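> Kindly return the folded structure for what I paste below:
(2 chains)
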Protein chains: 2
Amino acid sequence: MNEIKLFSPATVANLSCGFDVLGLCLDTIGDEIVIRKTNKKGIYITIIEGHYVPTQTSKNVAGVAAQAIYEQLNLDYGFEIELYKNIKPGSGIGSSSASALGAVFGINELTGNKFSKHDLIAFAMKGEAVASGNEHADNLAPGLFGSMTLIRSYAPLDIIEIPTPKNLFISIIHPQVEIKTSESRAVLSDTVLLKKAIQQWGNLGGLIAGMYKQDFELIGRSLEDVIVEPARAKLIPHFEETKESAMKAGALGFGISGSGPSMFALCEGLKKAKRVEKAFSVSYKETGIAYHTYVSKINKKGIKIVSE
Amino acid sequence: MNEIKLFSPATVANLSCGFDVLGLCLDTIGDEIVIRKTNKKGIYITIIEGHYVPTQTSKNVAGVAAQAIYEQLNLDYGFEIELYKNIKPGSGIGSSSASALGAVFGINELTGNKFSKHDLIAFAMKGEAVASGNEHADNLAPGLFGSMTLIRSYAPLDIIEIPTPKNLFISIIHPQVEIKTSESRAVLSDTVLLKKAIQQWGNLGGLIAGMYKQDFELIGRSLEDVIVEPARAKLIPHFEETKESAMKAGALGFGISGSGPSMFALCEGLKKAKRVEKAFSVSYKETGIAYHTYVSKINKKGIKIVSE
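Residues are numbered from 1 along each chain as shown, chains lettered A, B, ... in the order given. This is a model prediction of the structure:
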């Protein structure tokens, strides 16, 4: 096998009460990535389409992630990477992680699958660090495993796959504004009230239990973030109104995707998810800010091979 | 039915990473409670055996809890309560909640089961407040529902039943020392580091998932409390040595039961639980402090009627 084409899905991290630990995998939105062996040693980004990202390997998240796995392989050939980016960088639905994951997953496939899924996450985290300055896995894990993932621990890396109900859908609105990473970090305090932390882990426990029980009401009741959302909501234009419109339209719960500006709503069934998507549009039109909306079921498989 | 005899089980609250939200129900340890209708209106504590608790209704947790449900019933008769206390007050395995729960559960049974389980918890919380100054439900919930319970929220009260694997056992050591409630509260800070809170909710998510997956290794890895245990461990004599002895003997995880001084270890299988119990004894003998040890499977049913 000399070439592989992949679909690397968008993901929602920082899922409500699961800040830094919970992520969900989307189905209909994602980047396409082609990886091809070349005689020349090294990693080369040859095509970038869709959205702008750097072409230089050492500055491109896919390039850095690819380099991390490549260094462990000791090969006498190299790889060309073509990125067809459908996920806009900075959207809050895992643009950089889709690229980083695609690169390491593809190279692993083209070289006989020597590495475990946990290894791949570790390589891809090197790419994530280029984009965010930090080695995060909360978009990478759902992108690789599908469904919902819990990062129980980073040291050692311990990723738990959480099953999601069949009829769980997600509606997303992505306002075309930029939130600086530095700004979204600055609004978070290093400390939190113990009583708020207790509320948060009560909700996180409820959310995990709700997924196992396929109990949509419990999932809805648990989708409450009392720590991060109150701080970050003000960075996102029209946040409260958008949330209210989603809840009125029947969403189970609503929150910030990643560190924004995208916002998501979980819904029971496609019909409600589409109703919520419409409510997003109606609500956001007033702002005059450009936006995109999406509806997706939960992707149970994660990243997939389109062709070899 | 004029009289009912109940077994109200001991419970482990503040279960490791589940501070204030998670509890487990024990099987072999508990109070016996007899409740009998009397012609005289009101609630009367008539017999207390086993351990000392106040006989005056308004100062007795069972009395106050009974009074709370009694006031809602508008009856032309009253109740006598006999408490056979096997659980020592202040032991950290839910002595007061066993009494409070027994009282409200028994009166509800004797009056045609008018109240829901959630109502019973709310009444019993009034009794708990007499013992601890706060209305807690984290011992009451596992005592009533059995297995493991998650208090997702207090306002409104939302209790989630979490299934536990069949082969899960618990070993307990109760050192005969007193820890003042004021002292165990004073060592807790009102604020915690966000990064510690994230670790804690990652572990809590892992623990809940582990119970659903019946994955003992995951349960073990998740039984880590990075917030409360580091503060409270120093109040319990020989804590670190006892923990080490339990882990060496094969425990899945170890922690403080309630706010101590009892400590617990979760174990896979009775054989390991007994080995851990023995290790507790060997380790604690050195201290010269008197202690009791127990081994119990997880009680799936909660409080039960012994005879009517």
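
> Please name the residues that touch the residue nearest to A:His136 when sequence neighbours are not counted.
In space, and not counting its chain neighbours, A:His136 is closest to A:Glu128: 5.1 Å by Cβ to Cβ, 6 or more residues apart in numbering or on different chains. Backbone N, C-alpha and C define where each C-beta goes, glycine included. Neighbour list for A:Glu128: A:61, A:65, A:96-97, A:100, A:134-137, A:139-140 [criterion: Cβ atoms under 8 Å, 6 or more residues apart in numbering or on different chains].

> following whatever helix or strand A:Glu128 lives in, which helix or strand comes up?
Under the criterion of DSSP states H and E, A:Glu128 resides in helix A:117-132. Downstream of helix A:117-132, the first helix or strand assigned by DSSP H and E is helix A:140-145.

> Wondering if the one helix or strand A:Gln200 maps to reaches chain B at all.
According to DSSP H and E, A:Gln200 maps onto helix A:194-213. Yes: for helix A:194-213, a contact with chain B is found by Cβ under 8 Å from any Cβ of the partner chain, at A:194-195, A:197-206, A:208-209, A:212.

> can you give me the angle that helix makes with helix B:194-213?
Helix A:194-213 runs at 30 degrees relative to helix B:194-213, counting by axes from the mean of the first three to the mean of the last three Cα atoms, to 10 degrees.

> helices and strands around helix A:194-213, which ones?
If you count contacts as 3 or more Cβ pairs under 8 Å, 6 or more residues apart in numbering or on different chains; DSSP states H and E, helix A:194-213 packs onto strand A:18-38, strand A:157-162, helix A:216-222, strand B:18-38, strand B:148-154, strand B:157-162, strand B:191-193, helix B:194-213.

> Got a quick ChimeraX command for the buried subset of the contacts of A:Glu128?
The following ChimeraX line selects those of the contacts of A:Glu128 that are buried, judged by 16 or more other Cβ atoms under 10 Å in any protein chain shown:
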select /A:61,65,96,97,100,135,136,137,139,140
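
> Redo the contacts of A:Glu128 as a markdown table? Include distance to A:Lys271 and pLDDT.
Shown next, in a markdown table, are the contacts of A:Glu128 (distance: Cβ to Cβ, whole Å; pLDDT from 0 to 100):
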| residue | distance to A:Lys271 | pLDDT |
| --- | --- | --- |
| A:Val61 | 36 | 93 |
| A:Ala65 | 38 | 96 |
| A:Ser96 | 33 | 93 |
| A:Ser97 | 30 | 95 |
| A:Ala100 | 35 | 96 |
| A:Asn134 | 38 | 76 |
| A:Glu135 | 39 | 75 |
| A:His136 | 34 | 86 |
| A:Ala137 | 33 | 92 |
| A:Asn139 | 28 | 95 |
| A:Leu140 | 31 | 96 |
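
> shaky segments in the stretch 101-250 of chain A?
Along the stretch 101-250 of chain A, segments meeting pLDDT under 70 are nowhere present.

> Which positions in it make contact with chain B?
Residues of the stretch 101-250 of chain A found near chain B (Cβ under 8 Å from any Cβ) are A:150-153, A:158, A:160, A:162, A:188-195, A:197-206, A:208-209, A:212, A:218, A:221-222, A:227.

> pretty sure A:Phe79 contacts A:Val34?
No: counting by Cβ atoms under 8 Å, A:Phe79 does not reach A:Val34; the two are 10.3 Å apart.
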